[in-house]
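Colleague: sharing a model that was predicted from the sequence below.
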Amino acid sequence: MIGQQLLNGITLGATYALIALGYTMVYGIIQLINFAHGEIYMVGAFVGVLMVSVFKQGLLVSLTVAMLTCLIIGVSIERIAYRPLRGSNRLSPLISAIGVSIFLQTLMTKIEGPQPVGFPHVIEDAIYKFGSLEITKVQIIILIVASLLMAGLTFIVKYVKIGKAMRAASEDYDAAALMGINVNKVISFTFAIGSALAAAGGVLVGIYFNSVSPLMGVSAGLKAFCAAVLGGIGSIPGAMLGGLFIGIAETLGIAGGFDLYKDAIAFTLLIVVLLFRPTGLLGRPIQRKV
């Protein structure tokens, strides 16, 4: 029973981790909480539905188109709503992020209506048994896709030139600019890759639960934000670990009879962890010279 729920929790947590990576990367570079990130995840899910139901495409094409679409949306949001406010006080970009979030929710509600939309059947049903554990084909695909995307991000950040520039900007934004790094390009790339990962999470969740809705980004976005803070905001491995922790805790809580409080589990876990480790599981204290 526990092993099965752990497997289910890891599957759900992998999708939270994909969303949490966008939060933690953006904050790590420009110290902005992109509260429109959950809505980008929602838009990605609806693009996946559109590709499967209207254009009759398979998972790979639908996932790719959703990621590319949200990549463009994420870069556009950064360019239009955040970049002009970068030099202002901290409150202005935050209000702008909330405004973009409400705009995307309202726009999608006008287009699709407020009711949930079923995700078309794109993966054949299959259950594989390993002893007492059961895993579906959908779960296997979710775990494989999420693992490949997170491994790809890790490779980019560690070994690719733009990834090294991201790390430099996260250490010291102004010093990176003085050293010749195009900080605007780095920030745009960060929004692009974070939005693409969120879109992938939206499509995978739609396939997993067979349903998407214009408000699905609110709850998932908050839980992913909790995952990013839980793992240590600004830490990419921390966001991955935090997502898995949130997914496992939520699944075990539902299995234990606390299904009515499933949305509170993530926040409760966050409070407990931060009481003992304020910087998160893998976060580190930031020392600033004054």
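Modeller: The structure has been received and is ready for your questions. Just so you know, these numbers come straight off a predicted model, no measurement behind them.

Colleague: buried residues in the helix or strand containing Gly44, which are they?
Modeller: Gly44 belongs to helix 37-53 when assigned by DSSP states H and E. Buried residues in helix 37-53, counted by 16 or more other C-beta atoms under 10 Å: 37-52. Bear in mind the C-beta positions are built from the backbone N, C-alpha and C, glycine included.

Colleague: and the residue nearest to Phe267 when sequence neighbours are not counted, how close does it get to Phe258?
Modeller: Among residues not flanking Phe267 along the chain, Cys226 sits closest, at 6.1 Å (C-beta to C-beta, 6 or more residues apart in numbering). Counting by C-beta to C-beta, to the nearest Å, the separation of Cys226 from Phe258 is 17 Å.

Colleague: please identify which of these two sits among more neighbours.
Modeller: Each of Cys226 and Phe258 has its neighbours counted (other C-beta atoms under 10 Å); Cys226 has more, 25 against 14.

Colleague: now the strands: where do they sit in the chain?
Modeller: Using DSSP state E, the strands of the chain run over residues 117-118, 127-130, 133-136, 211-212.

Colleague: hmm, back to that, then the helix holding Gly44 to PDB, C-alphas only?
Modeller: Extracted C-alpha coordinates of helix 37-53, given in PDB (Å, rounded to 0.1, in the frame of the first residue of the first chain):
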ATOM      1  CA  HIS A  37       3.700  30.800 -14.200                       C
ATOM      2  CA  GLY A  38       0.800  28.600 -13.200                       C
ATOM      3  CA  GLU A  39      -1.300  30.100 -16.000                       C
ATOM      4  CA  ILE A  40       1.400  29.300 -18.500                       C
ATOM      5  CA  TYR A  41       1.200  25.700 -17.300                       C
ATOM      6  CA  MET A  42      -2.600  25.900 -17.900                       C
ATOM      7  CA  VAL A  43      -2.200  27.300 -21.400                       C
ATOM      8  CA  GLY A  44       0.200  24.400 -22.200                       C
ATOM      9  CA  ALA A  45      -2.400  21.900 -21.100                       C
ATOM     10  CA  PHE A  46      -5.100  23.500 -23.400                       C
ATOM     11  CA  VAL A  47      -2.700  23.600 -26.400                       C
ATOM     12  CA  GLY A  48      -2.100  19.900 -25.800                       C
ATOM     13  CA  VAL A  49      -5.900  19.300 -25.900                       C
ATOM     14  CA  LEU A  50      -6.100  21.300 -29.100                       C
ATOM     15  CA  MET A  51      -3.400  19.400 -30.800                       C
ATOM     16  CA  VAL A  52      -4.900  16.000 -29.900                       C
ATOM     17  CA  SER A  53      -8.600  16.700 -30.400                       C
END
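
Colleague: Cys70 reaches Gly44, doesn't it?
Modeller: Yes: assessed by C-beta atoms under 8 Å, Cys70 is found in contact with Gly44 at 4.6 Å.

Colleague: now do the shared contacts for those two.
Modeller: In terms of C-beta atoms under 8 Å, 6 or more residues apart in numbering, Cys70 and Gly44 are both contacted by the residues Ala198, Ala199, Gly202.

Colleague: among these, which are in helices?
Modeller: In this view, the shared contacts of Cys70 and Gly44 that belong to helices under DSSP state H are Ala198, Ala199, Gly202.

Colleague: and the helices in the stretch 151-290 of the chain, which stretches?
Modeller: All helices of the stretch 151-290 of the chain, identified by DSSP state H, counting those that start in this stretch, fall at 161-171, 173-178, 183-209, 216-231, 236-255, 262-276.

Colleague: same list, those, but as CSV with mean pLDDT and distance to Ser147 please.
Modeller: Shown next, in CSV, are the helices of the stretch 151-290 of the chain (pLDDT from 0 to 100; distance: least, C-beta to C-beta, whole Å):
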stretch, mean pLDDT, distance to Ser147
helix 161-171, 92, 18
helix 173-178, 87, 30
helix 183-209, 96, 12
helix 216-231, 93, 16
helix 236-255, 93, 10
helix 262-276, 88, 22
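
Colleague: indicate which one of those helices is closest to Met1.
Modeller: Taking C-beta to C-beta, helix 236-255 is the member of the helices of the stretch 151-290 of the chain nearest to Met1, at 7.3 Å.

Colleague: what residues sit buried inside the closest one?
Modeller: Of the residues in helix 236-255, 236, 238-255 count as buried by neighbour count, 16+ other C-beta under 10 Å.

Colleague: same deal with stretch 274-283?
Modeller: Within stretch 274-283, the residues that qualify as buried are Thr279, Gly280, Leu281, Leu282, Gly283, counting by 16+ other C-beta under 10 Å.

Colleague: what is the nearest of those to Ile19?
Modeller: Gly280 (16.4 Å).
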